[in-house]
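Visitor: quick one, what's the 3D model for this:
(one chain, ligands or ions: 1)
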Amino acid sequence: MSTAEDGPWWRGAVIYQVYPRSFADGDGDGIGDVAGIRSRLDHLAALGVDAIWFSPWYPSPMADAGYDVADYRDIDPVFGTLAEVEALIAEAHAVGIRTIVDVVPNHCSDAHPWFQAALASPDAPERELFWFRPGRGPDGARKPTDWVSPFAGDTWTRTTNPDSTPGDWYLHLFAPEQPDFNWDHPRVRAEFEDILRFWLDRGVDGIRIDSAAMLAKDPTLPEATPDGPSPFVDVDAVHDIYRGWRRITDSYPGDRALIGEVWLPDHERFANYLRPDELHAAFNFDFLGCAWDAAALRACIDTTLTAHAPVGAPATWVLSNHDVTRHVTRYGRADTTFSFAAKREGIPTDLELGTRRARAAALLSLSLPGAAYVYQGEELGLWEVEDIPRELRQDPMYHRSGGVDPGRDGCRVPIPWTGDEPPFGFSPDGAAAPWLPQPADWKDRTVRAQTGDPTSMLELYRAAIRIRRAYPALGDGTMAWLPAPDGVLAFHRPPGFTCLVNLSAAAVPLPPHTNRLLASGPLDDDLLPPDTAVWLRTAEPTPTGPATA
Ligand code: GLC
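Guide: Numbers count the residues shown, from 1 in each chain. Next up is the predicted model:
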């Protein structure tokens, strides 16, 4: 947490991601909702987070769990009402928690009125707001490009004209139910600037921008080539959109933040989004995908800080979210990296080892310079649920890949709150079953079961966030690596703070310190066991070591 003297809150915040469908169910239909979030706000206050990011809750046919938005200025009835959301924002603010809404500007739902109007007639002016194109070949039967979707399969769907003849095609980088907007059109720009204002006027402190690098397309629609620039990811014209958005957030009182979902392998191109007149922050997916390996993590941390420094933006540290395999499961596998291309289920995992590493990773990510993200359930040590029956799976990534990609349902299973059996307090008594089944083994992972247990993941997160708030060294700032044995990460943060993470196979001695603040697992006298991290209070002056930020 950054204090006022340190700079704006988003530079050093702990930001908790609520996935509304799976957080808490207030009305008993088995699906999480705003009433549920309001009833569990005390959990987030006790956890000590600075802000909550809410995944989409807008009216939607839910072809992609709400990332297919039909109306950006309202709430889907399954989640509640706009009035309830306004109350939630106020209640969060009252307990010192800021709020961030998720805006999805790359595409909308096929149920959005603009797209419906566009479909109704080939002459509708709304066609210009999307990417409608004739097909290739004499009868237009070949899609306009061969671009491949991150959701597997085609990125174009052919329409049918009102007279039932085959019509033009429209572009959807994701599912067919998610038509891409044409961001070259001034109406699209004006509409989203108005949507931003709509939410900023309701007092939200930040906007998470979905698929933020994909909005601009090369209007000549060339084929994607392995070596050339992508015609639809990170096209330079995207930056002008965010300059316009930044002028809007800057015009509001308080520190309103734009946080981009930017998946880009090139660090300089990534940092371009964080120039002082663009976004405030972006998710660090390199860190999320990094192996549980000291050299790899150290390189990732260095690259992150080096990339952010020239643009003056804070780094972010992310271990999990609603799109990726939960890290307790990942870290228990032989290959601990994450990538969408290699995402599979049923890979052998040692959950005990994964949990031990996840505890150490929590202390690492919460003590690096910048902002940290916590995905709901991470603070409970939840693992990926890999045995969801086929007929209950909802994710288009699963269905569109024919099941090759297991999809993302396994990290979206409803949160266990209390009790010894499903629904673990997720829904009120006598309610419908949760929309995805919870493992019976989660009885030890409920909030209730973990509260007060000093060895629990929940109490580790609570303690870590409490210390982070109290220590000026943590949050935004600088760090310096300390000399350490192979396989060990050790860094200092001024004033007087050291973090040591042991990723080697042998226990290592602690460096000199005045007291031990927190450890992710039991220590063996003054030895730090493998896959364990510790936070130490150290005396100044600053130990030697090359400054990296
Ligand atoms: C982002 C979201 C993901 C969604 C996709 C399409 O990557 O995080 O959940 O499916 O965009 O909107």
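Visitor: tell me the SS of Leu536?
Guide: Assigned with DSSP: H, G, I helix; E, B strand; the rest coil, Leu536 falls in the strand class.
Visitor: hang on, Tyr16 in a strand?
Guide: Yes - assessed by three-state DSSP, Tyr16 belongs to a strand.
Visitor: and it, what are its bridge partners?
Guide: Note on Tyr16: beta-bridge partners by DSSP bridges are Ile52, Val374.
Visitor: quick check, it in contact with Ala51.
Guide: Yes - assessed by C-beta atoms under 8 Å, Tyr16 is found in contact with Ala51 at 7.2 Å. Placement of C-beta: from N, CA and C, glycine included.
Visitor: ok, now which ones touch the residue of the stretch 301-450 of the chain found nearest the ligand?
Guide: Nearest residue of the stretch 301-450 of the chain to the ligand: Asp323, at 4.8 Å (C-beta to the nearest ligand atom). Each residue near Asp323 by C-beta atoms under 8 Å, 6 or more residues apart in numbering is listed here: 408, 411.
Visitor: which helix or strand contains it?
Guide: Assignment of secondary structure by DSSP states H and E places Asp323 within no helix or strand.
Visitor: quick one, what contacts His327?
Guide: Contacts of His327 (C-beta under 8 Å, 6+ apart): 288, 319-320, 338, 354, 358, 361, 378.
Visitor: export those residues to TSV and append columns for distance to the ligand.
Guide: Listed next are the contacts of His327 as TSV, based on distance: C-beta to the nearest ligand atom, whole Å:
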residue	distance to the ligand
Leu288	12
Leu319	15
Ser320	12
Phe338	14
Gly354	23
Ala358	21
Ala361	21
Glu378	16
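Visitor: next, count neighbours for the nearest residue to Thr159 once chain neighbours are set aside.
Guide: Spatial nearest neighbour of Thr159, chain neighbours left out: Gly167 (4.1 Å); criterion: C-beta to C-beta, 6 or more residues apart in numbering. Residue neighbour count, defined by other C-beta atoms under 10 Å, stands at 19 for Gly167.
Visitor: return the list of helices and strands in contact with the helix or strand hosting Ala490.
Guide: Applying DSSP H and E as the criterion places Ala490 in strand 488-493. Applying 3 or more C-beta pairs under 8 Å, 6 or more residues apart in numbering; DSSP states H and E, one finds that strand 488-493 contacts helix 294-308, strand 480-481, strand 497-502.
Visitor: confidence score at the residue of the stretch 301-450 of the chain closest to the ligand?
Guide: As predicted, Asp323 sits at a pLDDT of 98.
Visitor: how much space separates it from Phe174?
Guide: Separation of Asp323 from Phe174 (C-beta to C-beta, to the nearest Å) stands at 12 Å.
Visitor: helices of the stretch 51-200 of the chain, residue ranges please.
Guide: Counting by DSSP state H, counting those that start in this stretch, the stretch 51-200 of the chain has helices at residues 82-94, 113-120, 186-201.
Visitor: and the angle for the shortest one with helix 186-201?
Guide: Direction vectors for helix 113-120 and helix 186-201, defined by axes from the mean of the first three to the mean of the last three C-alpha atoms, to 10 degrees, enclose an angle of 160 degrees.
Visitor: what's the mean pLDDT across helix 113-120?
Guide: Helix 113-120 comes out at a mean pLDDT of 97.
Visitor: what of stretch 88-106?
Guide: 98.
Visitor: endpoints of that stretch, how far apart?
Guide: Distance between the two ends of stretch 88-106: 27 Å, counting by C-alpha to C-alpha, to the nearest Å.
Visitor: what of stretch 303-320?
Guide: Using C-alpha to C-alpha, one end of stretch 303-320 lies 20 Å from the other.
Visitor: and Ala505, how many neighbours does it have?
Guide: Residues within reach of Ala505, counting by other C-beta under 10 Å, total 8.
Visitor: ok, the closest residue to it other than its chain neighbours - contacts?
Guide: Take Ala505 and drop its neighbours on the chain: the residue closest to it by C-beta to C-beta, 6+ apart is Pro530, 5.6 Å away. By C-beta under 8 Å, 6+ apart, Pro530 lies in contact with 502-507.
Visitor: next to the ligand, which bits of the stretch 201-350 of the chain? Give me the list.
Guide: 210-211, 261, 322-323 (C-beta under 6 Å from any ligand atom).
Visitor: what two of those are the furthest from one another?
Guide: Ser211 and His322 (13.5 Å; C-beta to C-beta).
Visitor: so the two - more neighbours on which side?
Guide: Counted by other C-beta under 10 Å, Ser211 and His322 do not tie: Ser211 has more neighbours, with 21 against 17.
Visitor: that one should be in a helix, yeah?
Guide: No - assessed with three-state DSSP, Ser211 is coil; it does not lie in a helix.
Visitor: doesn't Val103 make contact with it?
Guide: No - shown here, Ser211 and Val103 do not form a contact pair, counting by C-beta under 8 Å, at 10.5 Å.
Visitor: for the ligand, what are the nearby residues on the chain?
Guide: So the chain meets the ligand at 64, 67, 104, 174, 210-211, 261, 322-323 (C-beta under 6 Å from any ligand atom).
Visitor: quick revisit: next, format the helices of the stretch 51-200 of the chain as a markdown table and append mean neighbour count.
Guide: Below are these laid out as a markdown table (neighbours: other C-beta atoms under 10 Å):
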| stretch | mean neighbour count |
| --- | --- |
| helix 82-94 | 16 |
| helix 113-120 | 17 |
| helix 186-201 | 16 |
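Visitor: the strand holding Ala490 pairs with which strands?
Guide: In the sheet, strand 488-493 lines up against strand 480-481 (antiparallel), strand 497-502 (antiparallel) (DSSP bridges).
Visitor: send the alpha carbons of that strand over as CSV?
Guide: Presented in CSV, the C-alpha positions along strand 488-493 are these (Å, rounded to 0.1, in the frame of the first residue of the first chain):
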residue,chain,number,x,y,z
VAL,A,488,18.0,-18.6,-3.6
LEU,A,489,16.5,-15.2,-4.2
ALA,A,490,17.4,-12.6,-1.7
PHE,A,491,16.7,-8.9,-2.0
HIS,A,492,16.7,-5.8,0.1
ARG,A,493,14.1,-3.1,0.1
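Visitor: tell me the mean pLDDT over stretch 282-295?
Guide: The model assigns stretch 282-295 a mean pLDDT of 98.
Visitor: how long is it end to end?
Guide: Note: stretch 282-295 ends 24 Å apart using C-alpha to C-alpha.
Visitor: how about the strands in the stretch 401-549 of the chain?
Guide: 480-481, 488-493, 497-502, 508-509, 515-519, 527-528, 532-537 (DSSP state E, counting those that start in this stretch).
Visitor: now do the second one against helix 294-308, angle only.
Guide: It stands for strand 488-493. Strand 488-493 runs at 30 degrees relative to helix 294-308, counting by the same axes, to 10 degrees.
Visitor: can you tell me what sits against strand 488-493?
Guide: For strand 488-493, the surrounding residues in contact (C-beta under 8 Å, 6+ apart) are 294, 297-298, 364, 367, 369, 473-474, 477-484, 498-504, 508, 511, 538, 542-543, 545.
Visitor: with stretch 153-162 instead?
Guide: 119-122, 132-133, 135, 140-141, 143-145, 147-149, 166-173, 176, 400-401.
Visitor: which of these are buried? Put it as a PyMOL command.
Guide: Under the burial definition 16 or more other C-beta atoms under 10 Å, those of the contacts of stretch 153-162 that qualify are selected in PyMOL by:
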select buried, resi 119+132+133+135+140+143+144+145+147+149+167+168+169+170+171+172+173+176+400+401
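Visitor: okay, and which of the contacts of stretch 153-162 map to strands?
Guide: Here DSSP state E is the test, and those give 132-133, 166-171 as lying in strands.
Visitor: how close does the residue nearest to Ala505 get to Gly521?
Guide: 10 Å.
Visitor: again, but for Ser39
Guide: 33 Å.
Visitor: list the contacts of the residue in the chain positioned nearest to the ligand.
Guide: For the chain, the residue closest to the ligand is Tyr67, as judged by C-beta to the nearest ligand atom, at 3.4 Å. Tyr67 sits next to 56, 60, 104, 174, 178, 210 when contact means C-beta under 8 Å, 6+ apart.
Visitor: same question for Val148.
Guide: So Val148 contacts 155, 224 (C-beta under 8 Å, 6+ apart).
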